[in-house]
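Trainee: Sharing a sequence plus its predicted fold:
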Amino acid sequence: MIALLSDLRVRVGACVLAMGVLGGLAAVTSAKPPTPQADGSEEATRTVVNRTALACPVPGAGAKTQSSVSAVAPVLPDGTPTAEGTEQPLSMSPLDPTSNPVGSVLARGRIASTAPTSKLLPLTVRGTGPLAAGTVATSTTSAPEGVNRGMASVPCQVPGSNFWFVGASGAPGRRDVLVLTNLDSVNAEVNVTLYGADGQLDTPNARGVVVPARGTSEIYLGQIARGQRDLALHVESTGGRVAPAVRDNATTGKVPAGIDWLNLSAPPASKVVVPAMAPGGGVRILTIANPTDLQATATLTVNGPNGPFKPAGLSTVQVPAGSVKVVRLEKVLLGNASAVTVNSDQPVTAAVRMTDSSVREFATMGATEPLRGPAYLVLPAHAQPAVLQVTAPGETAGVRFELRDGANKVLQARKLDVVGGATNLITFKAQARPTYLMVEQLRGDIVAGVTLMPAAKPKDDDVPQVAAWPLTTSLVFRAQLGAQSDVAAALR
């Protein structure tokens, strides 16, 4: 008997038989195996999203600050499958699981908004079923005065474990706060690595940060990186998932100079593109982060409305190892809406900070990855026209977009070609209520974003609205490798 069991073929057969009896062969084989690729890798199968959870941050307390969240389960392209079952509402609720919902997404294509409130609590949009696929939300606050004067608006974040922010600061005149939100029922732990102009910072207080279940933790950059004017942050979860956001309150002396959230930047790569630098006057500051151990030589290409060009005197930038570098771009942009492509011999990432012409309000746009599916964005009510900026950083590309109102009526729609290396502008009229936008890449590489700037001559009682929203591929499908048969694992 011992000799018989020493034969590997017999042992394998016995294990397969046993597992087949106990759990069925489907438990150890893939019902839909991954497709082998020419390079030997496996193509991930696509699984329809049937569960969503988004974290919607809010700023700190401030005079007359009003906050609202708008969410939508958007209309998906024809033929896109959704999860089975009836359409269960998605709830918009405080983090505390015992709290009552403050809003609900009831039907696909209909925007749901919470009532504006001065009770500043972070919210979550969550639920399961057919409405989950593609669901997006935007958190927006506004205030006519005080530390939160202006508009702060940011897409609600899907929790994860790896995030980058570029363009933060711990210098005087900035009050930047990293807000970590945990939507799950177990604690999460996070490490934050900071990079400054002189290299990576030693910040032990940013390591092993515990984010309580269904709660938040805050890290004040002025305390852990005091005096550091330009920063990049790498947020990594070592246990659990988090949804990070960086809140930025700026001042000039004692005068408020705007509030907003820093948009996420794409992970470091040899080529990154920052889309949607707003047209008009004001400052445009590009910050490049090099987290590697080697100096990076980066070349800049501006993607303007008339095509690409190398900015005179700024086309090549040296970024020391483990540091950040700042480049002023407003003089070369000449007020044109543009994107900037950064090619580097070392992986880098980037973001642009843009202000209005008075330099009293600002917004940021991080590097984004090319669209690989439809991108959806909820736009809050806006008193001035908003501008969709679409860039083809490589060859000529095709794109289509649809702007819909809260009742799912199409307000504006178009297909267009974007010349390789150029940026196209599409203007949306001012809207008294939230709308939602769909942008879909048809061919080639496309990056995009939406910007909002105040009137050239605002009224005295106008709340200045400066905002920038990135367009990133929305979560309609999840990539998933099929399970491979591994009977030998039972023998180890």
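Mentor: Arrived safely.

Trainee: Next, the contact list for the residue lying closest to Pro454 once chain neighbours are set aside, please.
Mentor: Nearest residue to Pro454, sequence neighbours excluded (C-beta to C-beta, 6 or more residues apart in numbering): Pro464, at 4.7 Å. Just so you know, the C-beta spots here come from the backbone N, C-alpha and C atoms, and that holds for glycine as well. Residues in contact with Pro464 (C-beta atoms under 8 Å, 6 or more residues apart in numbering) are 149-151, 258, 356, 360-361, 454, 458.

Trainee: Just say helix, strand or coil for Pro464.
Mentor: Counting by DSSP: H, G, I helix; E, B strand; the rest coil, the backbone at Pro464 sits in coil.

Trainee: where along the stretch 51-200 of the chain do the strands fall?
Mentor: For the stretch 51-200 of the chain, strands defined by DSSP state E, counting those that start in this stretch occupy the ranges 51-56, 66-72, 90-94, 103-105, 112-113, 123-128, 136-143, 150-155, 162-168, 174-182, 188-196, 199-200.

Trainee: any idea how far the fifth one is from the chain center?
Mentor: How far strand 112-113 lies from its chain's middle: 20 Å, per C-alpha atoms, centre = their mean, to the nearest Å.

Trainee: Give the other helices and strands that that strand contacts.
Mentor: Helices and strands in packing contact with strand 112-113 are listed as strand 66-72, strand 103-105; criterion 3 or more C-beta pairs under 8 Å, 6 or more residues apart in numbering; DSSP states H and E.

Trainee: buried ones in the longest one?
Mentor: Within strand 66-72, the residues that qualify as buried by neighbour count (16 or more other C-beta atoms under 10 Å) are 66-72.

Trainee: How about stretch 71-78?
Mentor: Of the residues in stretch 71-78, 71-76 count as buried by neighbour count, 16+ other C-beta under 10 Å.

Trainee: export that stretch as PDB, just CAs?
Mentor: Taking C-alpha atoms only, stretch 71-78 is exported to PDB below (Å, rounded to 0.1, in the frame of the first residue of the first chain):
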ATOM      1  CA  ALA A  71     -24.700  60.500  -7.400                       C
ATOM      2  CA  VAL A  72     -25.900  58.700 -10.400                       C
ATOM      3  CA  ALA A  73     -26.000  55.100 -11.800                       C
ATOM      4  CA  PRO A  74     -25.500  56.200 -15.400                       C
ATOM      5  CA  VAL A  75     -27.000  55.000 -18.600                       C
ATOM      6  CA  LEU A  76     -24.500  52.400 -19.900                       C
ATOM      7  CA  PRO A  77     -23.500  51.900 -23.600                       C
ATOM      8  CA  ASP A  78     -25.900  49.700 -25.500                       C
END
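
Trainee: Quick one: residues in contact with that stretch.
Mentor: Around stretch 71-78, the neighbours that count as contacts under C-beta under 8 Å, 6+ apart are 54, 82, 90, 92, 103, 105, 107-113, 125, 131-138, 156, 374, 376, 378, 404, 408, 436, 438, 440, 474, 476.

Trainee: Could you dump the buried residues of strand 66-72 into JSON lines and include pLDDT and distance to Ser265?
Mentor: Rendered in JSON lines, the data for the buried residues of strand 66-72 read as follows (pLDDT from 0 to 100; distance: C-beta to C-beta, whole Å):
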{"residue": "Gln66", "pLDDT": "95", "distance to Ser265": "29"}
{"residue": "Ser67", "pLDDT": "96", "distance to Ser265": "25"}
{"residue": "Ser68", "pLDDT": "98", "distance to Ser265": "26"}
{"residue": "Val69", "pLDDT": "98", "distance to Ser265": "23"}
{"residue": "Ser70", "pLDDT": "98", "distance to Ser265": "24"}
{"residue": "Ala71", "pLDDT": "98", "distance to Ser265": "24"}
{"residue": "Val72", "pLDDT": "98", "distance to Ser265": "25"}
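
Trainee: So for Pro267, what's the nearest residue that isn't a sequence neighbour?
Mentor: Across the structure, with C-beta to C-beta, 6+ apart as the measure, the residue nearest Pro267 apart from its sequence neighbours is Trp164 (6.0 Å).

Trainee: Check the burial of the one you found by counting its neighbours.
Mentor: Here the neighbour count serves as a burial measure; for Trp164 (other C-beta atoms under 10 Å) it reads 23.

Trainee: can you give me the helices for this protein?
Mentor: Using DSSP state H, the helices of the chain run over residues 2-6, 8-23, 221-224, 330-333.

Trainee: any low-confidence regions in the stretch 251-400 of the chain?
Mentor: When the per-residue scores of the stretch 251-400 of the chain are filtered using pLDDT under 70, no range remains.

Trainee: Now do the contacts for the closest residue to Ile224 other than its chain neighbours.
Mentor: Taking C-beta to C-beta, 6+ apart, and ignoring the residues beside it in sequence, Ile224 has Thr203 as its nearest neighbour in space, at 4.8 Å. Contacts for Thr203 (C-beta under 8 Å, 6+ apart) come out as 192-194, 224-225.

Trainee: Which pLDDT does the model give Thr203?
Mentor: On pLDDT, Thr203 comes in at 96.

Trainee: For Thr287, which residues are in contact?
Mentor: Taking C-beta under 8 Å, 6+ apart, we find Thr287 in contact with 166-167, 230, 232, 324-327, 350-353.

Trainee: Next one: Val75 from Arg110, what distance?
Mentor: When distance is defined by C-beta to C-beta, to the nearest Å, Val75 is 10 Å away from Arg110.

Trainee: now, which of the contacts of Pro464 sits nearest Val419?
Mentor: Each of the contacts of Pro464 was scored against Val419 by C-beta to C-beta, and Asp356 proved nearest at 28.8 Å.

Trainee: where does the closest one fall, phi/psi-wise?
Mentor: The phi and psi torsions at Asp356 (degrees, to the nearest 10) take the values phi -80, psi 180.

Trainee: Near it, how many other residues are there?
Mentor: Using other C-beta under 10 Å, Asp356 has 24 neighbouring residues.

Trainee: ok, now Ser104?
Mentor: Here the count is done by other C-beta under 10 Å, and Ser104 has 17 residues near it.

Trainee: Tell me the pLDDT of it.
Mentor: Spelled out, the predicted local distance difference test score at Ser104 is 97.

Trainee: give me the beta-bridge partners of it?
Mentor: For Ser104, the beta-bridge assignment (DSSP bridges) gives partners Ser91.

Trainee: Surely it touches Ala112?
Mentor: Yes: using C-beta atoms under 8 Å, Ser104 is in contact with Ala112, at 6.1 Å.

Trainee: okay, and the common contacts of the two?
Mentor: Taking C-beta under 8 Å, 6+ apart as the contact rule, the neighbours common to Ser104 and Ala112 are Met92.
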